[in-house]
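# Okay, sequence plus prediction incoming.
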Amino acid sequence: MSRAEWIDGMRRAGVRATAAALGAKVSEPRTASGGAFSPCPVCAAEFRHAGRGDRRRACGVRRDDHGWHCFGCDASGDSIHLVALCLRGRRFDQLDLLGKIEVRKWCEEFIGAPQSVHYAQSASVVHLPVEPPPQTQVDSLWASCARIEAGSDTAKYLEFRGLRPDLVRERDTARQLPDRRHRVPAWAHSWRATGHELIVPLFNYTGQMCTVIARSTEPHPRLKSRAPKGFGRAGLIMADAAAREILATGSWPASFVGRDPLIVIVEGEVDYLAAIQTSGSAAVAHFAIVSGAWTQAHATRIPVGATVIVATDQDPQGEKYAHTIASTFCGRRVDVRRWRPNAASQIEAQS
């Protein structure tokens, strides 16, 4: 099947049929609506306005069935992006070659399978992962992970990226995958073989560690980061010690009292570790998102009176994430600003 054939085939199949084949719950179109489905592949929301009695599905579908949009996190795309987010946690245009091959293979199988009068069901249904791995498995893996050792491949990778392994070790913001003497959960078995040995924890909006993400320490990895296979990470973010205390208590750490608190939100593991080591002794709490994981629940935990610097990637998707993050602080006494490198004024007011 040529590139044009499978792309056209996915367009003809439509979003609703694709979502159904991926295991989502799909609502029929009504009046001017194109239907809806849930959960969202990015934020895992089931309904448009959780807790407000609105039982409409989180992701609305365009009337022509060619696009979708989540009312919870503002994620959007077409049927191909939907498949990529479910299989790999990223949009299709953000995947490496192997990721794109996997998505294309699923799509070709899907559009080649017999289709019923209602929704198509692929021979390989992928149920949207929502829950993180069992807490005991996550705790066990993190406890067995070693602090960054000088001279290790992980330490050399950090140095290559301009980071200081001793600071990462001292602040315990990341660890390295344990050696083969230690057992790891089944969902992490392949990480050693693929070189994904830098382990960074992910936390929920109450500051509890729920899962981890593994970063490759190879110079030219096929896939930069990997999450536990078969489990979700929606709504989970990276957070340093100060950030976790804020999430857990909803108030400033004692060391922040009487100072001007600063919240820094970056995108990705490397930028997260880099931001932490450059903050010095300032009253700064660092957060980092993966695939737009920031939610309204995180923003609500941050006290008023803060300056929030959003430093997502300098690309269209990063700009979209920045606007989404800023919108979660609307109506509160929080100064949200966009950080731009090499600008005359490094901070640009956004809201």
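Nice, thanks for sending it over.
# ok, now how distant is residue 201 from residue 259?
Per C-beta to C-beta, to the nearest Å, residue 201 is found 26 Å from residue 259. Where you see a C-beta, it was placed from the backbone N, CA and C, and this is true even at glycine.
# next one: residue 13
Taking C-beta to C-beta, one finds residue 13 at 55 Å from residue 259.
# ok, back up a step: between residue 201 and residue 259, tell me which one has more neighbours.
Counted by other C-beta atoms under 10 Å, residue 201 and residue 259 do not tie: residue 201 has more neighbours, with 21 against 11.
# So which residues of the stretch 151-300 of the chain form strands?
For the stretch 151-300 of the chain, the strands defined by DSSP state E, counting those that start in this stretch occupy 175-176, 196-203, 209-216, 225-226, 238-239, 262-267, 284-289.
# Which strand or helix spans residue 26?
Residue 26 belongs to strand 25-27 when assigned by DSSP states H and E.
# Name the next helix or strand downstream of that strand, please.
Using DSSP H and E, the helix or strand that follows strand 25-27 in sequence is strand 36-38.
# thinking again about what came up before, tell me how far the strand holding residue 26 lies from the chain's centre.
Offset of strand 25-27 from its chain centre (C-alpha atoms, centre = their mean, to the nearest Å): 23 Å.
# right, and the strands of the stretch 151-300 of the chain - which one's nearest residue 2?
Shortest distance between residue 2 and the strands of the stretch 151-300 of the chain, using C-beta to C-beta, is found for strand 225-226: 30.1 Å.
# same for the closest one, what does it pack against?
Here strand 225-226 touches strand 209-216, going by 3 or more C-beta pairs under 8 Å, 6 or more residues apart in numbering; DSSP states H and E.
# For the strands of the stretch 151-300 of the chain, give me a markdown table that also has mean pLDDT and distance to residue 329.
Shown next, in a markdown table, are those (pLDDT from 0 to 100; distance: least, C-beta to C-beta, whole Å):
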| stretch | mean pLDDT | distance to residue 329 |
| --- | --- | --- |
| strand 175-176 | 96 | 32 |
| strand 196-203 | 95 | 19 |
| strand 209-216 | 94 | 23 |
| strand 225-226 | 87 | 27 |
| strand 238-239 | 96 | 17 |
| strand 262-267 | 90 | 10 |
| strand 284-289 | 93 | 13 |
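# looking at those strands, which is buried most?
Counting by mean count of other C-beta atoms under 10 Å, strand 238-239 has the highest mean neighbour count of these, with a mean of 28.
# Which residues does that one contact?
Applying C-beta atoms under 8 Å, 6 or more residues apart in numbering, the contact partners of strand 238-239 are 200-203, 207, 213, 247, 269, 272, 285-290.
# Quickly run through the sheet partners of it, with directions.
Strand 238-239 pairs in its sheet with strand 284-289 (antiparallel), by DSSP bridges.
# Dump the partner strand to CSV, keeping only the CA atoms.
What follows is strand 284-289 as a C-alpha-only set of coordinates in CSV (Å, rounded to 0.1, in the frame of the first residue of the first chain):
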residue,chain,number,x,y,z
VAL,A,284,12.2,28.4,42.1
ALA,A,285,10.0,25.3,41.6
HIS,A,286,10.6,23.4,38.4
PHE,A,287,8.0,21.4,36.5
ALA,A,288,8.3,19.6,33.1
ILE,A,289,5.7,18.2,30.8
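# Other residues contacting it?
237-240, 242-243, 246, 253, 261-269, 271-272, 275-276, 279, 294, 298, 312, 321, 325.
# Please apply the same query to stretch 145-156.
So stretch 145-156 is contacted by 158, 165-166, 168-169, 172, 174-179, 195, 197-199, 217 (C-beta under 8 Å, 6+ apart).
# Mind checking which of those are buried?
Among these, those classed as buried by 16 or more other C-beta atoms under 10 Å are 158, 165, 168-169, 174-178, 195, 197-199, 217.
# Show me which of the residues you listed is closest to residue 46.
Nearest to residue 46 among the buried ones among the contacts of stretch 145-156, counting by C-beta to C-beta, is residue 199 at 29.9 Å.
# Just to check, that closest one is in contact with residue 176?
Yes. Counting by C-beta atoms under 8 Å, residue 199 sits close enough to residue 176 to count as a contact (6.7 Å).
# What score does residue 261 have for pLDDT?
Predicted confidence (pLDDT) for residue 261: 88.
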